[in-house]
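>>> How does the following fold in three dimensions:
(one chain, ligands or ions: 1)
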Amino acid sequence: MTIRDPAAADEADWRRLWVGYLAFYGEDLAEAVTAATWRRILDPASPVFARVAEREKRLVGMTVNVLHEGTWTVAPICYLEDLFVAPDARGTGLGRALIADLIALGKEQGWSRLYWHTETGNAQARRLYERFATADDFCRYRLVL
Ligand SMILES: CC(C)(COP(=O)(O)OP(=O)(O)OC[C@H]1O[C@@H](n2cnc3c(N)ncnc32)[C@H](O)[C@@H]1OP(=O)(O)O)[C@@H](O)C(=O)NCCC(=O)NCCS
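Next up, the predicted model:
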């Protein structure tokens, strides 16, 4: 298994993971949004980037992330927005490896923080996350504009 940056040729494979991820959340995004996300992932000038896990020439997992500035730190902060492992590849350490990959990348590139959210009831994901960090008690407020 290797974890690497995605390339243009990965589009169909990445979209398969993306569709699975959206289905997990019961979300049905417009095609224009998915297309824009993929375009941003490939655009080195965009703060959106992805990492993909490949096993036997097939993508089996991904993170999609956003690097942003902050007011409490000079160095960039990384928001891990989407984490997904293909159902038939779960429980074999891929989720853990994808987070470890971001930590290594962040140390290499000098990010100050890596953070992510999940639903409180997502026990499987939380069990994985607890191996890296402890959840704080901040609540999220969100307005759709
Ligand atoms: C959460 C998710 C990314 C985990 O990926 P994964 O590759 O299965 O995770 P790993 O194999 O690295 O497992 C890491 C830990 O997760 C937990 N875990 C993984 N599979 C599990 C399962 N079937 N049942 C219970 N816990 C499980 C375990 O704590 C495991 O560590 P351990 O084996 O040392 O106990 C994957 O289940 C997934 O894509 N889920 C759907 C999308 C999602 O929830 N994304 C995160 C939303 S923010």
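
>>> and Cys78, helix, strand or coil?
strand (DSSP: H, G, I helix; E, B strand; the rest coil).

>>> Based on its surroundings, how many neighbours for it?
Using other Cβ atoms under 10 Å, Cys78 has 23 other residues around it. Yep, even glycine has a C-beta here, placed from its N, CA and C like the rest.

>>> And Thr118, by the same measure?
Quick note: Thr118 (other Cβ under 10 Å) scores 15 neighbours.

>>> now it: how far from Arg127?
According to Cβ to Cβ, to the nearest Å, Thr118 and Arg127 sit 11 Å apart.

>>> What of Thr34?
Taken as Cβ to Cβ, the span from Thr34 to Arg127 is 29 Å.

>>> From the neighbour counts alone, determine which of the two ranks first.
Remark: of Thr34 and Arg127, Thr34 carries more neighbours, 15 against 10, as counted by other Cβ under 10 Å.

>>> Please name the strands paired to the longest strand along the chain in the sheet, noting orientation.
Using DSSP state E, we find that the single longest strand of the chain is strand 58-68. Using DSSP bridges, the strands paired with strand 58-68 are strand 48-55 (antiparallel), strand 77-85 (antiparallel).

>>> what's stretch 43-52 in contact with?
With contact meaning Cβ atoms under 8 Å, 6 or more residues apart in numbering, stretch 43-52 is reached by 3-6, 10, 13-14, 17, 37, 39-41, 59, 61-68, 98, 101-102, 105.

>>> cool, and stretch 2-10?
Residues from elsewhere that reach stretch 2-10 (Cβ under 8 Å, 6+ apart): 14, 41-42, 49-54, 59, 62, 97-98, 101.

>>> Nearest to Ala133, out of the strands paired with strand 58-68?
Nearest to Ala133 among the strands paired with strand 58-68 is strand 77-85 (11.1 Å), distances taken as Cβ to Cβ.

>>> and whichever residue of the chain sits closest to the ligand, how many residues sit next to it?
With Cβ to the nearest ligand atom as the measure, Gly95 is the residue of the chain nearest to the ligand, at 2.6 Å. Neighbour count of Gly95, defined by other Cβ under 10 Å: 23.

>>> Show me what the helix or strand it falls within is packed against.
In the assignment (DSSP states H and E), Gly95 maps to helix 94-109. For helix 94-109, the elements it packs on are strand 2-4, strand 48-55, strand 58-68, strand 77-85, strand 113-115, helix 123-129, judged by 3 or more Cβ pairs under 8 Å, 6 or more residues apart in numbering; DSSP states H and E.
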